[in-house]
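Q: no sequence for this one, just the structure:
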C-alpha cells in the first residue's frame, strides 16, 4: 500500500524511463479502490493472526489492529495522488 502511494510521486519519471509501477498501472482512478481492498486484506490477516494465536476478543491486540488499519485507511483517503510534494511527507 505504502509503496503504491509513494510511487505516485515518481509517476512522471517512471513514464519517461518506461517503467511500469503500480501507480502507472492503476492510474489515479483505480488506485484508491485497489488500496482499500489491500487494506482490507491487511486487516483480515491481522485479525486471523490474533484468532490463530488464541487472543480473546477483548485483547488489546485487536485494539492495535484497529489502530493500524485506521491509520492505513486515513493515509489512503488523505493522500493527494496528483501532488508529489504531498506524498513526500
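A: Arrived safely. Remember, it's a predicted structure, so these values are computed and weren't measured experimentally.
Q: Can you list the low-confidence ranges for the chain?
A: Residues of the chain that meet the criterion pLDDT under 70 lie in 86-89.
Q: and residue 40, what element?
A: For residue 40, the host element (DSSP states H and E) is helix 22-52.
Q: hmm, I was thinking of residue 82
A: Per DSSP H and E, there is no helix or strand for residue 82.
Q: re the thing from before, what residues of the helix holding residue 40 count as buried?
A: Buried residues in helix 22-52, counted by 16 or more other C-beta atoms under 10 Å: 23, 26, 31, 35, 39, 42-43, 46-47, 50. Using the backbone N, CA and C atoms, a C-beta is placed for each residue, glycine as well.
Q: any idea which of those residues is closest to residue 64?
A: Among the buried residues of helix 22-52, residue 46 lies closest to residue 64 (C-beta to C-beta), at 8.3 Å.
Q: How about the contacts made by the residue nearest to that closest one when sequence neighbours are not counted?
A: Once flanking residues are discounted, residue 46 sits nearest to residue 65: 4.3 Å by C-beta to C-beta, 6 or more residues apart in numbering. Going by C-beta atoms under 8 Å, 6 or more residues apart in numbering, residue 65 touches 43, 46-47, 50.
Q: could you say which helix or strand contains residue 65?
A: With DSSP H and E as the test, residue 65 turns up in helix 60-78.
Q: circling back to that earlier point, and the gap between the residue nearest to residue 46 and residue 17?
A: Using C-beta to C-beta, to the nearest Å, residue 65 is found at 38 Å from residue 17.
Q: Next: residue 79.
A: Relative to residue 17, and taking C-beta to C-beta, residue 79 is found at 23 Å.
Q: before we move on, what about residue 34?
A: For residue 34 relative to residue 17 (C-beta to C-beta), the value is 23 Å.
Q: Spit out the contact partners of the closest residue to residue 68 other than its chain neighbours.
A: In this structure, residue 68 finds its nearest non-sequential neighbour in residue 46, 7.0 Å apart by C-beta to C-beta, 6+ apart. By C-beta under 8 Å, 6+ apart, the residues touching residue 46 are 65, 68-69.
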